[in-house]
Structures are given as structure tokens and as C-alpha cells.
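>>> model the structure of this input:
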Amino acid sequence: MFSMNEVRAEGEAWREVEQGWRPLYGDFDQLGVSVEWHDFQSPRPLDWGRSFHPRSLEFCLNLDGRGAVGAPGRARSDYVPGNCGYYARADEPLIATRRAHDRHRFVTLEFSRKHLQKQFVQNESDLEPEIRRLIFGDEDKSVVAPARPMTMEQRSVVTTLADPPVAKAAQILWYQSKALELMAHFLFAPKDPEFFCMRQKRVARERVQRAKELLARDLANPPTLEMLGQEVGCSPFYLSRIFSREAGLTIPQYLRNLRMERAAELLRTGRYNVTEAATEVGYSSLSHFSKAFCETIGCCPVLYPTAKSVILDR
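Here you go, the predicted structure:
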């Protein structure tokens with residue numbers, strides 16, 4: 001998938017964290033495209049910019065770790081967990097670093113501008129405007145775009161790249177399809193552009209919905225607020241704020257309701273006693289469970305099936 005020459009050249013740039021760099025698909029010199037997976041820690045700040053090729057356009061989808069990319073004398077773009085962005089190098093190097101001691105996990109898709117010109121000569125007008133200027137503009141300059149949160153679709157693609165769900169013989173084709181999918185996310189303007197405020201609301205709803213799904217997955221061992229923020233691609237503080245706004249409850253209140261509703265379901269089956277139901281939803285203290293159950297469901301858990309029967313009889 002990668003030529004030996006490119007592996008050696010790229011390997012030199014990642015020499016300090018050699019085991020944490022893995023080429024997945026392509027060959028920048030021969031094909032004009034390469035996809036790489038990174039998973040490493042470094043005891044000192046890492047010069048990330050050494051891996052950028054002249055006259056290239058690279059997209060970074062950042063799962064973990066903090067870094068930055070900037071052009072000399074211009075604003076820089078900061079990469080935090082859950083965001084993505086792109087940068088284009090001309091002849092002059094870009095300034096790019098990865099923070100020491102962080103665990104860095106990210107995917108890069110690097111394209112030569114020449115390759116992109118050939119690919120999209122028939123679709124130039126459909127490209128995202130800034131991307132179109134970079135690929136087809138006369139001025140060959142370095143550009144660093146602001147990083148932004150990954151979409152759910154982008155995150156779902158990225159998280160599968162390290163362990164492709166296909167046979168080894170099919171991996172080249174699979175990686176090629178994923179590279180094209182990610183290109184479509186980044187390069188093309190949306191068919192029906194949303195107003196910024198509408199997009200913000202939609203993304204907030206998607207994040208809250210995803211957080212709800214993650215909370216419901218394992219009520220006995222729910223994710224922490226930090227883990228939720230990382231999974232949905234925003235800070236814990238921002239997630240708490242939009243969750244309360246969208247759901248009308250704080251995250252702890254919503255989780256408690258989920259747990260109590262599940263406990264009530266278990267008690268209704270008649271196959272669980274109160275202690276077993278409490279354990280199933282993550283409560284080790286029976287008194288804390290009983291108090292939460294009474295406040296949420298409206299009766300003590302030991303009386304719940306009986307109270308339910310009385311209500312139904314009426």
C-alpha cells in the first residue's frame with residue numbers, strides 16, 4: 001500500500017515514536033494520497049511538521065492529544081481531542097508540534113495538490129470555496145484552516161481505521177473507499193448549506209442524543225463526564241450545558257432516571273429482588289437506591305410491584 005521509499009521518508013519524520021506511526025493506504029509520491037494512523041506518547045514536544053510534504057493538503061482527524069499547526073507570522077490552529085481540520089503547505093515549512101506526555105491518537109489524509117487538480121477538474125465548482133482556491137488558485141501559499149469539531153459521521157469512520165472489519169486481502173479496497181468517504185466530507189460544499197445557528201443547534205442535538213445512548217449502554221458502569229465529552233467531540237463543560245438545555249435535566253439527573261426506570265422494569269418481572277435490581281443498575285448502597293427510587297418512581301422499591309398492581313386494578 002505504501003512504497004518502501006515513502007515508508008522510509010515518513011518513518012524518519014516519526015522516528016522518535018516509530019511504533020506509534022502506521023501507514024494505512026496510498027503513496028504520496030506515486031499516487032498523490034496517503035492515509036496514516038498515529039497512536040503514541042512522547043516524553044518531549046514532537047515536531048509534527050517534518051512529516052508535511054511541500055505542495056500538499058492534509059486533513060487531520062484528532063481523537064486524542066493536543067497539538068498545533070501554524071504558518072510563520074500567521075494565526076495557528078489548535079488541535080484538541082475530538083476536532084479536525086486541514087492545512088496546506090507550500091514550499092515553506094509549517095510550524096507544527098504535539099504536546100509532550102499526551103497520548104496522541106489521530107488520522108491524517110495527505111494529498112498532493114497536483115493529484116487533487118486531476119481528480120476534480122470536472123467538479124471544481126462543487127468544491128468547498130476555500131478548498132477550491134487552494135487546489136486551483138494561482139497563488140501557491142501555505143494555509144492553516146481553523147480546527148472544528150468532528151461530525152458523528154467522521155468520527156465513526158476514523159474509529160474503524162485502526163482495525164478494519166474486512167479480510168486482509170480486501171483492506172486496500174476498504175481503505176481506498178474510506179479515504180474517498182473522508183474526502184467527500186472535507187472537500188465538497190454541502191448541497192443545502194445550513195445557517196450557522198441552525199447547524200449549531202443540529203450538532204448540539206446530535207451530541208446530546210449520542211451522550212444519551214452512551215449513558216444507557218451500561219447503567220452499572222456509566223462513562224464519566226470527561227469520557228462523554230471525548231466521545232461526542234466537545235468539552236465536558238459545553239456538553240453539560242447543551243445536555244441540560246436539550247434534555248431539561250442535568251446528566252446526573254438523566255442517568256438516575258434511566259437507572260430507576262430500568263430497576264422498575266426488573267422488579268416488574270418478578271425475577272429480581274430489590275438488592276439484585278439495585279446492583280444491576282450500579283447501586284452498592286441499598287439505602288441510596290431506595291431513596292432515589294422513591295423520589296423518581298413515587299414509591300418504595302419493596303412495594304413497587306404491589307403498588308403497580310393496585311394502580312392497574314383501579
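>>> any idea which element Met183 lies in?
helix 171-187 (DSSP states H and E).
>>> next one: Glu226 from Gly233, what distance?
Distance of Glu226 to Gly233, given as CB to CB, to the nearest Å: 13 Å. The way it works is simple: take the backbone N, C-alpha and C, and place the C-beta from them, glycine included.
>>> run through who's touching the helix holding Met183.
Applying CB atoms under 8 Å, 6 or more residues apart in numbering, the external contacts of helix 171-187 come out as 1, 24-26, 33, 35, 59, 61, 86, 109, 111, 116, 120, 127-128, 131, 151, 153-154, 157-158, 160-161, 164, 166.
>>> do the same with stretch 90-104
The contact list for stretch 90-104 (CB under 8 Å, 6+ apart) reads 20, 38-49, 52, 54-55, 64-72, 76, 87, 140-142, 144.
>>> give me the mean pLDDT for stretch 239-254.
Average pLDDT, stretch 239-254: 93.
>>> all helices of the stretch 1-150 of the chain, in order?
Ranges of helices in the stretch 1-150 of the chain, per DSSP state H, counting those that start in this stretch, are 4-13, 113-120, 129-136.
>>> pick out the shakiest of those helices, pLDDT-wise.
Looking at these, the bottom one is helix 4-13 with a mean of 54.
>>> is Arg210 in contact with Glu231, as I believe?
Yes. Applying CB atoms under 8 Å as the test, Arg210 and Glu231 come out as touching, 7.0 Å apart.
>>> ok, Asn221 - contacts?
Gly282.
>>> relative to Thr269, how far out is it?
Asn221 is 22 Å from Thr269, by CB to CB.
>>> residues near the closest residue to Leu63 other than its chain neighbours, how many?
Nearest in space to Leu63, with sequence neighbours left out and distances taken as CB to CB, 6 or more residues apart in numbering, is Arg105 at 4.2 Å. Neighbours of Arg105 under the rule other CB atoms under 10 Å: 19.
>>> now the angle between helix 171-187 and the helix or strand that contains Glu153, please.
Element membership of Glu153 [criterion: DSSP H and E] is helix 152-161. Calculated by axes from the mean of the first three to the mean of the last three CA atoms, to 10 degrees, helix 152-161 forms an angle of 150 degrees with helix 171-187.
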